[in-house]
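Peer 1: below is the sequence, then the predicted model.
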Amino acid sequence: MLGFYKQISGNYWLVTLEDGEEIFVFKTKTKWSFSGDFVDVRILNAQKWERRREWIIINILKRTEEKLIWKFIKSSKQYAFVQVFNSFGKDIYIPEKLQMWAKDWDIVITKIREWKEKPLWEVLQIVGKDSDKNIEESILLIENNIELDFPKEVQNEAKRIDEKFSTKTFLDQEILRRTDLRKEFIITIDWADAKDLDDAISVQKLENWNYKLWVYIADVAQYVMENSILDKEALIRWTSIYLPELVIPMLPKELSNWLCSLNPNEPKLTLSIIMEIDKNGEVVERKILETVIESKYRMTYDEVAEIITWKNPQNRSKDLIEMLNLAKKLKDIIYTKRKKEWKIDFELHELKIEMWENKEVKNVYKYERNEAYIVIEEFMVIANEEVSKFFATKKIPFLYRLHEEPQKQDLQILAKILSNYWIVLNPEKANSKEIAQIIDSLGEKVYKYFLLKLILRSMSKACYSSEDVGHFWLGIDYYSHFTSPIRRYPDLQIHRIIKEYLNGRLDEKRMKHYKTILKNIADRTSATEIIAEDIERKVRYLKVIDFMSDKIWEKFSSIVSGVTENGFFVELESGVEWFVHKNSLKKLFVSDLDWYCFFIWKEKFLIWKEVETELIGTDRRSKKIDFSIFS
C-alpha cells in the first residue's frame, strides 16, 4: 500500500494512504524516512483490532522535497541539527560548505540536496536566532509558505499598473463609459486601522417611501487581468491575512492601499449594485453597474455608532447625520425581515488585540458588534445575495459561498448538550429555522453566549463552489462573495465574470472557459482559506500568551466554556480563553462528554459556571497558558 509519510513528533508517525486512510507506523519501522516521503507500507502483524495492527515501511519510493525548519547546533566534528518545535529524534548532518554561515542557535531552513546512503542536507536560509522576539510567528509563516514580500516582478508590475491607470487620461476615458456618481453622497465605514477600503455605501429615501441602497465595491478586476503576473500571485495567496501587528496583503500596496482602495476625496472605479428595498425589506428592483465614485467621508465603526445611537452627533454635517440615520432605519428593516424568516444569527464577540508601535501587546479585550458594524454587515449580505441570485437565475458560471447542512452526528451531540438546558433539538429534522428559533429562545440567559459557541461549532464549514446548493446558516438559496475583491480572490474572480457580462463579452467560448476553471478555483481557495484562518488563530494565541505572561500567579474570575477528556476551557472577562488541564487540579477530575459537563470531586460543572482561576504559567514555544482552579 502506498502513501505519504508524515512525522508528527518524536513518537508519532503517520502515513496517509492514497485512498485517504491514515495509519500509524512504529518508531523502529520507519526505514530512515523523512516527512513528505512517498512510501510503500505493509502490515507487519495483523491483529483482530485494527488499532493494534503493526505497519512497516518496506520501501521509500520518492524522497521528500519539503523544506524543514531546524535549530542549528555546531559540534567539533560535524554540524548537527534538531527540529525547532517537534524534535524528531533525528539529527541531520551538513558539510561545512553547505551550512551558509549559520551559527549556534540560528533557526534555519534546510532541504535535502541529494540522497546517497544517507540524505545530504543544505541550509537554504537563516531565519533568525532562537531567542529572537516573534521567531515563532516567522516560523509559522514559513511552514505555511506565506511570503511577507512580493516577488520583484510582481512589485514591478504593480508599480507599472499604478502609474498607467493613475493618469487623468485613463480616468476621463472611464468616466465616459461608466455611470458617473462622483457627486453622490457616498461614505466608507471600516475599522480605524484599515487601509484596504473595499466598499462604500449611500442610502436614499424615495418618494414612494421605499429605500434606495447603493453598495459600491472597488473594481479590482479593471487592473488585475486574468493570468497576469498579479493574478497568478493573488491566486497563490488567495486572501489577505490579518495579524495583530501587520497585514499580509493579497495584492501589493500600490493596488490594495492606493489605486483600488476607496479613499475619500479621490475618484475611484467601482462595480456597484443599486437596490430598491420596500418597507418589508424586499428587494423590488436591482441593477449592477460599472461606476465612478468619490467618497466624501472615511468613517470608522465607532464614529458611526456614536452618531446613530445619538451619543455624539455633534460637529458632523447635516447630510452625514441624515444619511446614517436612514442607513440605520434600513438596516432595521432588513434585519427584521431576516428574523421573521428565522435566519441564523450568531451574536458573538470578537477578541481584539491592540498593539503598541513597538509591536508589544497593549491590550486584549472583547469587542461587541456595534450598530455601525451590523449596518455594514447587513448591507454587504444583501448585496452578496442579490448579485448571486442574478447570475444563478441566468445560468451563468459563477462562484458561490456554500454552507451545507450540519452532519447528523454533530447535531446528535449538540442535542444531548442542549437537553441539559431543557432545550429540545431533533437531529433528524433540524433545519436552519429550528436552530434560529433555539438561538432566539436563549434571550438574555446567562449561558446564551456559551451555547451559541457550541451551536456554531456544530455547523459545517463554509466553502466555495461552482454549484449553487444554498447557504444553510443564512437560510438562503443563493450567496456569493462579491464585496471584498481587494482581499479575497473569489470576489475578484466573479467581478471578471460580471464585467464581461455587462460589456457583452460573455460569449459561449468565455462561458465554457469559466465552467472549466471555476471548480478548481473553488477547491483551491477553500483549502487555502483554512490555512489562512489557522495562521490568524495561532498568531492570536501567541499574542494572548504575551499579554498574559506578566500575570503569573494572578487570580481571575472565569467562566467554564468547554470540556474535554483531559480538562476544561475557561474564558476570562477579557475574552481570553484557555485550557485547565486535569493534572493541575488537586482533586479528582472526571468528564462526561455525552452531557458536556465534568466533576471535580463531587461538584458538577456545566458550561457557563463561574470559577476562580489562577494563572500558573505561560510558554510561547509550546503555545500554552496554564490555569488552575484557585481554592
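Peer 2: That came through, no problem.
Peer 1: by contact count, what packs against the helix or strand residue 293 falls within?
Peer 2: Residue 293 is located in strand 283-294, with elements delineated by DSSP states H and E. Judged by 3 or more CB pairs under 8 Å, 6 or more residues apart in numbering; DSSP states H and E, the packing partners of strand 283-294 are helix 168-177, strand 179-180, strand 267-277, helix 371-393, helix 489-502. For glycine as for every other residue, the C-beta is placed from the backbone atoms N, C-alpha and C.
Peer 1: what residues sit buried inside the first one?
Peer 2: Going back to what we said before, that points to helix 168-177. Using 16 or more other CB atoms under 10 Å as the test for burial, helix 168-177 gives residue 174.
Peer 1: which residues does it contact?
Peer 2: 164, 222, 267, 269, 290, 292 (CB atoms under 8 Å, 6 or more residues apart in numbering).
Peer 1: cool, and the shortest one?
Peer 2: Contacts of strand 179-180 from elsewhere in the structure, counted by CB under 8 Å, 6+ apart, are 272, 289-292.
Peer 1: show me which of those are buried.
Peer 2: 272, 290-292.
Peer 1: as a markdown table, the helices and strands packed on strand 283-294 with distance to residue 467 would be great.
Peer 2: Listed next are these as a markdown table, based on distance: least, CB to CB, whole Å:
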| stretch | distance to residue 467 |
| --- | --- |
| helix 168-177 | 34 |
| strand 179-180 | 32 |
| strand 267-277 | 23 |
| helix 371-393 | 10 |
| helix 489-502 | 14 |
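Peer 1: between those, which one is closest to residue 3.
Peer 2: The closest of the helices and strands packed on strand 283-294 to residue 3 is helix 489-502. By CB to CB, the value is 30.7 Å.
Peer 1: and the closest one, what other elements does it pack with?
Peer 2: In terms of contacts (3+ CB pairs under 8 Å, 6+ apart), helix 489-502 is packed against helix 229-237, strand 267-277, strand 283-294, helix 371-393, helix 508-548.
Peer 1: identify the residues contacting residue 188.
Peer 2: For residue 188, the contact set (CB under 8 Å, 6+ apart) comprises 197, 199-201, 262, 264, 295, 297-299.
Peer 1: of the residues you listed, which belong to strands?
Peer 2: 199-201, 297-299 (DSSP state E).
Peer 1: of these - the most surrounded one?
Peer 2: residue 200 (27 neighbours; other CB atoms under 10 Å).
Peer 1: that one touches residue 184, doesn't it?
Peer 2: No: Residue 200 is not in contact with residue 184 according to CB atoms under 8 Å; the separation is 9.8 Å.
Peer 1: show me the helices in the stretch 351-500 of the chain, by range?
Peer 2: 371-393, 408-419, 432-441, 448-458, 489-502 (DSSP state H, counting those that start in this stretch).
Peer 1: now do the fourth one and helix 432-441, the angle between them.
Peer 2: Looking back up the chat, that one is helix 448-458. 160 degrees (axes from the mean of the first three to the mean of the last three CA atoms, to 10 degrees).
Peer 1: next one: helix 448-458 to chain centre, how far?
Peer 2: Here helix 448-458 is found 18 Å from its chain centre; the criterion is CA atoms, centre = their mean, to the nearest Å.
Peer 1: for it, C-alpha coordinates in CSV please.
Peer 2: Output of helix 448-458 as CSV, limited to C-alpha atoms (Å, rounded to 0.1, in the frame of the first residue of the first chain):
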residue,chain,number,x,y,z
LYS,A,448,-26.5,32.1,26.0
TYR,A,449,-23.1,33.1,24.8
PHE,A,450,-21.5,29.7,25.5
LEU,A,451,-24.4,27.7,23.9
LEU,A,452,-24.1,29.9,20.9
LYS,A,453,-20.4,28.9,20.6
LEU,A,454,-21.4,25.2,20.8
ILE,A,455,-24.1,25.6,18.2
LEU,A,456,-21.6,27.4,15.9
ARG,A,457,-19.0,24.5,16.4
SER,A,458,-21.7,22.0,15.3
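Peer 1: pLDDT on it, on average?
Peer 2: Mean pLDDT, helix 448-458: 84.
Peer 1: just use 29 as the starting number from now, easier for me
Peer 2: In the new count, where the first residue is 29, that last one comes out as helix 476-486.
Peer 1: which helices and strands does it pack with?
Peer 2: Checking 3+ CB pairs under 8 Å, 6+ apart, helix 476-486 ends up next to helix 436-447, helix 460-469, strand 583-592.
Peer 1: residue 187: which of those is closest?
Peer 2: helix 460-469 (47.2 Å).
Peer 1: what residues sit buried inside the closest one?
Peer 2: For helix 460-469, by 16+ other CB under 10 Å, it's 460, 463-464, 466-467.
Peer 1: check stretch 449-459 too.
Peer 2: For stretch 449-459, by 16+ other CB under 10 Å, it's 449, 453, 455, 458.
Peer 1: give me the sheet partners of the strand or helix carrying residue 86 and which way each runs.
Peer 2: Using DSSP H and E, residue 86 sits within strand 82-90. Here strand 82-90 has these sheet partners by DSSP bridges: strand 66-73 (antiparallel).
Peer 1: got the buried residues for the partner strand?
Peer 2: Neighbour-count burial for strand 66-73, counted by 16+ other CB under 10 Å, picks out 66-67, 69.
Peer 1: any chance of these in CSV, with pLDDT and distance to residue 128 too?
Peer 2: Formatted as CSV, the buried residues of strand 66-73 follow (pLDDT from 0 to 100; distance: CB to CB, whole Å):
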residue, pLDDT, distance to residue 128
66, 79, 28
67, 79, 30
69, 78, 35
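Peer 1: of those residues, which is the nearest to residue 362?
Peer 2: Closest to residue 362 out of the buried residues of strand 66-73 is residue 66 (52.8 Å), distances taken as CB to CB.
Peer 1: find the nearest non-adjacent residue to that closest one, please.
Peer 2: residue 90 (4.0 Å; CB to CB, 6 or more residues apart in numbering).
Peer 1: hmm, back to that, which of the buried residues of stretch 449-459 has the weakest pLDDT?
Peer 2: Out of these, that is residue 458, at 81.
Peer 1: and that one, what does it touch?
Peer 2: If you count contacts by CB under 8 Å, 6+ apart, then residue 458 has 434, 439 around it.
Peer 1: try it again at 7 Å.
Peer 2: residue 439 (CB atoms under 7 Å, 6 or more residues apart in numbering).
Peer 1: phi, psi of it?
Peer 2: phi -60, psi 140 (degrees, to the nearest 10).
Peer 1: against residue 481, how distant is it?
Peer 2: 18 Å (CB to CB, to the nearest Å).
Peer 1: cool, and residue 424?
Peer 2: Taking CB to CB, one finds residue 424 at 38 Å from residue 481.
Peer 1: looking at the helices and strands packed on strand 311-322, which is closest to residue 644?
Peer 2: Per CB to CB, nearest to residue 644 of these: helix 399-421, 36.3 Å.
Peer 1: give the buried residues for that closest one.
Peer 2: 399-404, 406-420.
Peer 1: swap in stretch 608-616?
Peer 2: 608, 610, 612-613.
Peer 1: just the mean pLDDT for the strand holding residue 321, thanks.
Peer 2: Rounded mean pLDDT across strand 311-322 is 97.
Peer 1: which residues touch that strand?
Peer 2: Here strand 311-322 has contacts from 202-203, 206-210, 212, 214, 228, 238, 244, 247, 293-306, 414-415, 418, 526-527, 530, using CB under 7 Å, 6+ apart.
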